[in-house]
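Chemist: here is my input; please provide its structure:
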Amino acid sequence: MTDIALEAPRRDARIIGVIGAAHCASHFFQLVLPPLFPSMIDDFGVDFTALGFMMAVFFSLSAVAQVAAGFMVDRFGAQRVLPIGVACLGCAMAGIGFAQSYWMLLPFAALGGIGNAVFHPADYSVLTARIAPSRLARVYSVHTVSGTIGWAIAPVTMWALSQWLGWRGALMAVGMLGLILAAFIASEHSELTTGRHAHPAAKRGAGVDIETLFSPPILMAFLYFTLLAIAGGATQNFFPTMLPKVQGVTLALAATITTAYLTASALGSFAGGYVADLTRNHDRVVGAGLLGAALMALLIGFAPMPAILVFAAAATMGFLSGLTIPSRDMLVRAATPPGATGKVFGFVYSGLDLGSLVAPVVVGALIDHGHTPYVFVFIAAALAATVGAAVGVKHSRHSE
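Modeler: Predicted coordinates:
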């Protein structure tokens, strides 16, 4: 009896280990190129705008292909699609390392974007089908943090490898590691198979048609992710630029405060997993967390404070935002019809890419015109609107 009781947690730990490694790799590969930009500029004779366009190709393809990847996951299974995505990223980075001209970079960036598209639909399909419901929100939070770790280790890893192997050698090395990881994930085929653990109403190959993606709950979830990415993108990308302007801190301290914000967000996500497993009122968790984060944003933008209080307000903002992430994913899970986990999560997560494209345009214009404090109004408004979208996900689901 004891062995049976221990088997499920051990199996869950193995699954989240494999999925967490894949998600970490996804976020890692998203940030391997920017640290190498100065060397690439020298070798290819281009500017930052050209390399920025290359990254735009990567993320645009990721956004578009993510929806298609969701359908593929539901049709063929995450255990087949996920290793292919990791392998595409590995090949793309190695290919960029081999490239001899700027124009050779673009097709490899497109390949990387296609590979990056599979992770959210595949990961959430496996976790939702295989993990015990009593632990699911906590596992969602671990999944989120594993991606954050990938972001955190990428810059220092690529800097160290480039010092040792050169920028081309660094990309070839991580590309090879991506192929090795893809082979490992493929070897875990049985742990990632979802068919025999899927919802009893879902039949293999049946699924639901594309109209599901345009139902009110799923559209509200897409809006939720888009608004959240607008607020998060404005905060993460522009905190170091904005804090010296609105609070008079140094650039070095602003960078440290940004790191504190991201670290607190990860800690908040861990805590939010426990909170989400203890309640069914996930919209209330989202509302309390994001409205609190919005208040912190307004304080930072308009209330002059000592540096220690700026640090505390930013960390609180990050923690409260992170606290809502597992409840967000539970809301999407509850709105997802049986057999449609891959396509729904692929569709709503593409909203993150859309929001990430919108935020820099608005924020850059406000800063350029000397209206930096109003960026914090923009962030707070996006967070408040996200709460409305969360309520919409729940209530539109109940009204159908």
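
Chemist: okay, CA-based contacts and neighbour counts for the rest of this
Modeler: Will do.

Chemist: OK, contacts around residue 35?
Modeler: Applying CA atoms under 8 Å, 6 or more residues apart in numbering to residue 35 gives the contacts 155, 158-159.

Chemist: of the residues you listed, which belong to helices?
Modeler: 155, 158-159 (DSSP state H).

Chemist: who wins for neighbours among those residues?
Modeler: With neighbours taken as other CA atoms under 10 Å, the top of the ones in helices among the contacts of residue 35 is residue 158, carrying 25 neighbours.

Chemist: is it true that that one touches residue 32?
Modeler: Yes. The criterion here is CA atoms under 8 Å, and residue 158 meets it with residue 32 at 6.1 Å.

Chemist: distance check, residue 180 against residue 149.
Modeler: Distance, residue 180 to residue 149, using CA to CA, to the nearest Å: 19 Å.

Chemist: could you export stretch 265-284 as CSV, keeping only the C-alpha atoms?
Modeler: Output in CSV follows, covering the C-alpha atoms of stretch 265-284 (Å, rounded to 0.1, in the frame of the first residue of the first chain):
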residue,chain,number,x,y,z
SER,A,265,7.8,37.1,-9.3
ALA,A,266,9.2,33.6,-9.3
LEU,A,267,8.8,33.2,-5.5
GLY,A,268,5.2,34.5,-5.9
SER,A,269,4.5,31.8,-8.5
PHE,A,270,5.7,29.1,-6.1
ALA,A,271,3.4,30.5,-3.4
GLY,A,272,0.6,30.9,-5.8
GLY,A,273,0.6,27.2,-6.7
TYR,A,274,-0.3,26.4,-3.1
VAL,A,275,-2.9,29.1,-3.0
ALA,A,276,-4.5,27.9,-6.2
ASP,A,277,-4.7,24.3,-5.0
LEU,A,278,-6.6,25.4,-2.0
THR,A,279,-9.4,27.4,-3.7
ARG,A,280,-11.8,27.3,-6.6
ASN,A,281,-12.1,31.1,-6.7
HIS,A,282,-9.1,31.6,-9.0
ASP,A,283,-10.6,34.8,-10.4
ARG,A,284,-10.5,36.3,-6.9
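
Chemist: now do the buried residues in that stretch.
Modeler: Buried residues in stretch 265-284, counted by 16 or more other CA atoms under 10 Å: 265-277, 282-284.

Chemist: mind checking which of the residues you listed land in strands?
Modeler: Per DSSP state E, strands hold no members of the buried residues of stretch 265-284.

Chemist: those residues in helices, which ones?
Modeler: Using DSSP H, the buried residues of stretch 265-284 in helices are 265-277, 282-284.

Chemist: for these, which one is nearest residue 377?
Modeler: Closest approach to residue 377 among these (CA to CA): residue 265, at 20.2 Å.

Chemist: wait, the closest one touches residue 319, no?
Modeler: Yes. Residue 265 lies in contact with residue 319 (CA under 8 Å); the separation is 4.4 Å.

Chemist: need phi/psi at residue 248.
Modeler: phi 70, psi 20 (degrees, to the nearest 10).

Chemist: tally of neighbours for it?
Modeler: 14.

Chemist: ok, it to residue 240 distance?
Modeler: Using CA to CA, residue 248 is found at 11 Å from residue 240.

Chemist: and for residue 152?
Modeler: Counting by CA to CA, the gap from residue 152 to residue 240 is 16 Å.

Chemist: likewise residue 10?
Modeler: Residue 10 is 42 Å from residue 240, by CA to CA.

Chemist: compare these two (neighbour count), which wins?
Modeler: Legend: neighbour count by other CA under 10 Å for residue 10 and residue 240, higher for residue 240 (21 against 11).

Chemist: give me the buried positions along the helix or strand containing residue 294.
Modeler: Secondary structure from DSSP states H and E places residue 294 in helix 282-302. By 16+ other CA under 10 Å, the buried positions in helix 282-302 come out as 282-301.

Chemist: give me the average confidence score over the next helix or strand after it.
Modeler: Sequence order places helix 307-323 as the next helix or strand after helix 282-302, per DSSP H and E. When pLDDT is averaged along helix 307-323, the result is 95.

Chemist: shaky segments in this protein?
Modeler: Residues of the chain meeting the criterion pLDDT under 70: 1-8, 195-209, 397-400.

Chemist: what sits closest to residue 193 if chain neighbours are left out?
Modeler: Nearest non-adjacent residue to residue 193, counting by CA to CA, 6 or more residues apart in numbering: residue 79, 5.6 Å away.

Chemist: what's the burial count for that neighbour?
Modeler: Applying other CA under 10 Å, we find 23 residues neighbouring residue 79.

Chemist: helix, strand or coil for it?
Modeler: Put simply, residue 79 is helix when judged by DSSP: H, G, I helix; E, B strand; the rest coil.

Chemist: next, residue 117: phi, psi?
Modeler: With angles defined as degrees, to the nearest 10, residue 117 sits at phi -70, psi -20.

Chemist: wait, it sits on residue 85?
Modeler: Yes. Using CA under 8 Å, residue 117 is in contact with residue 85, at 7.4 Å.

Chemist: quick one: name whatever helix or strand follows the helix or strand harbouring residue 151.
Modeler: Per DSSP H and E: residue 151 is located in helix 136-187. Tracing the chain past helix 136-187, the next element assigned as helix or strand by DSSP H and E is helix 189-192.

Chemist: any buried residues in that following helix, and which?
Modeler: Across helix 189-192, burial judged by 16+ other CA under 10 Å covers 191-192.
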